[in-house]
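K.L.:
Provided below for reference: sequence and predicted model.
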Amino acid sequence: MSVIYTRVALIGLGLIAGSMAHAMRRAGLAGEITGYARSADTRAVAREIGLCDRITDTVAEAVAGADLVVLCVPVGAMGAVAEEIAPHLAPGATVTDVGSVKRDVITQVGPHIPAGVHFVPGHPLAGTEHSGPRSGFAELFDNRYVLLTPEPGTDADAIARLRALWEGCGAKVEEMDADHHDLVLAVTSHTPHLIAYTMVGVADDLRRVTDSEVIKYSAAGFRDFTRIAASDPTMWRDVFLTNKDATLEILGRFTEELFALQRAIRTGDGDHLHAYFTRTRAIRRGIIEAGQDTDAPDFGRVQRKRETPAT
Ligand SMILES: NC(=O)C1=CN([C@@H]2O[C@H](COP(=O)(O)OP(=O)(O)OC[C@H]3O[C@@H](n4cnc5c(N)ncnc54)[C@H](O)[C@@H]3O)[C@@H](O)[C@H]2O)C=CC1
Ligand SMILES: O=C(O)C(=O)Cc1ccc(O)cc1
């Protein structure tokens, strides 16, 4: 594959930036990759493992001359980082991000983008519970979706170029309206994460009663919850604070259904339970039969062994 951007600047050097660096190198998509992280420790690790061609001590040096700048920080930090880089952006450059929430990022970042610079928000639907500069790997985006959520009127060439970069990283790219993205992700990712956090919290309370049995005898479902609940607390705090409306909407529906199931159990309404579980089973089977589960996340297969605390 050929070079798509002469210089790509990665801001925030964690799982996603690291994986992008590896994937871009695998396919030779960037002439040079520069990187900046706020913490000196993270920059030191990134230098030690050769994550980028150049790790800079200031954000200004990282973005100078870059034709693509990728914001890879927690969603709540996007606006402040955009403000910091704005004076140093090259004319004609594209700024993108990888945040898990899109409308809030557009609201935070958009006003800081200078005239002549393109802003194309993005979100790779791929990740793990690991974080930090050592956690990235080249295969993370293989056969996974990346959703781009540009506002109407965004430069078509800038979008096409970013699309080509993600495809070169192994991903399938689709465009979507930012609000729709946030609602879809509230259903498929954000609320499920909250449920996992809650379930692990409940089990932790119970553990005080049953000693270590909860963990010792946990079957696959609960183990998956514990993996998800090990995800970065800063990242997920920001997701819920910035995708508030959509998450509350889905949580409201979730609790209504949960109460209905609770009532069915209490009243011994087996027909309700059976009908409900029959419906959900048909949904899963429909997904498999439609061949839509080929990229189902199986993070266990590709999990990284090295883990560093988020910085
Ligand atoms: N972890 C995952 O599974 C996925 C994460 N994302 C999104 O990607 C973004 C980055 O996530 P990860 O790479 O997982 O995080 P990470 O925790 O591995 O890395 C985040 C990086 O941002 C830096 N950082 C944190 N706060 C900062 C601030 N205020 N200013 C400047 N730098 C700051 C950290 O030092 C670190 O280098 C987030 O917006 C997240 O929502 C998207 C898809 C999947
Ligand atoms: O680890 C998991 O189960 C994930 O769900 C990964 C993930 C986390 C956040 C995203 O915005 C996208 C993907």
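P.N.:
Everything's here; your move. Ligands and ions are numbered 1, 2, ... in the order given.

K.L.:
what's around the closest residue to Gly18 other than its chain neighbours, how many residues?
P.N.:
Excluding its sequence neighbours, the residue lying closest to Gly18 (Cβ to Cβ, 6 or more residues apart in numbering) is Gly136, at 2.2 Å. Yep, even glycine has a C-beta here, placed from its N, CA and C like the rest. Look at Gly136: counted by other Cβ atoms under 10 Å, it has 25 neighbours.

K.L.:
and Gly136, what pLDDT?
P.N.:
Gly136 carries a pLDDT value of 98.

K.L.:
how much space between it and ligand 1?
P.N.:
Per Cβ to the nearest ligand atom, to the nearest Å, Gly136 is found 8 Å from ligand 1.

K.L.:
quick one: average pLDDT of the longest helix seen in the chain?
P.N.:
The residue-count maximum for a helix in the chain (DSSP state H) belongs to helix 244-267. The pLDDT scores in helix 244-267 average 97.

K.L.:
check contacts around the residue nearest to Gly18.
P.N.:
By Cβ atoms under 8 Å, 6 or more residues apart in numbering, the contact list for Gly136 reads 14-22, 51, 304.

K.L.:
check which helices and strands the longest helix of the chain sits against.
P.N.:
helix 178-185, helix 191-210, helix 270-289 (3 or more Cβ pairs under 8 Å, 6 or more residues apart in numbering; DSSP states H and E).

K.L.:
tell me which of those lies nearest to Cys169.
P.N.:
Closest approach to Cys169 among those (Cβ to Cβ): helix 178-185, 19.3 Å.

K.L.:
now the closest one: buried residues?
P.N.:
Neighbour-count burial for helix 178-185 flags 178, 181-183, 185 (criterion: 16 or more other Cβ atoms under 10 Å).

K.L.:
got it, and stretch 124-143?
P.N.:
Residues of stretch 124-143 classed as buried: 124-142 (neighbour count, 16+ other Cβ under 10 Å).

K.L.:
which other helices and strands contact the helix or strand harbouring Asp224?
P.N.:
Using DSSP states H and E, Asp224 maps to helix 220-228. The contact analysis (3+ Cβ pairs under 8 Å, 6+ apart) places helix 220-228 against helix 191-210.

K.L.:
now the angle from the helix it packs on to helix 220-228?
P.N.:
110 degrees (axes from the mean of the first three to the mean of the last three Cα atoms, to 10 degrees).

K.L.:
show residues contacting helix 191-210.
P.N.:
213-215, 218, 222, 224-226, 228-229, 231, 236, 239-240, 247, 250-251, 254.

K.L.:
for stretch 248-265, same thing?
P.N.:
183, 186-187, 190-191, 194-195, 269-270, 272-273, 276.

K.L.:
could you dump whatever helix or strand comes next after the helix holding Asp224 to PDB, C-alpha only?
P.N.:
Once helix 220-228 ends, the next helix or strand along the chain (criterion: DSSP H and E) is helix 233-242. Extracted C-alpha coordinates of helix 233-242, given in PDB (Å, rounded to 0.1, in the frame of the first residue of the first chain):
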ATOM      1  CA  PRO A 233     -12.200   4.500  34.300                       C
ATOM      2  CA  THR A 234     -11.400   7.900  32.900                       C
ATOM      3  CA  MET A 235     -12.400   6.900  29.400                       C
ATOM      4  CA  TRP A 236     -15.700   5.400  30.500                       C
ATOM      5  CA  ARG A 237     -16.500   8.300  32.900                       C
ATOM      6  CA  ASP A 238     -16.200  10.600  30.000                       C
ATOM      7  CA  VAL A 239     -18.300   8.400  27.700                       C
ATOM      8  CA  PHE A 240     -21.300   8.500  30.100                       C
ATOM      9  CA  LEU A 241     -20.900  12.200  30.900                       C
ATOM     10  CA  THR A 242     -20.800  13.100  27.200                       C
END
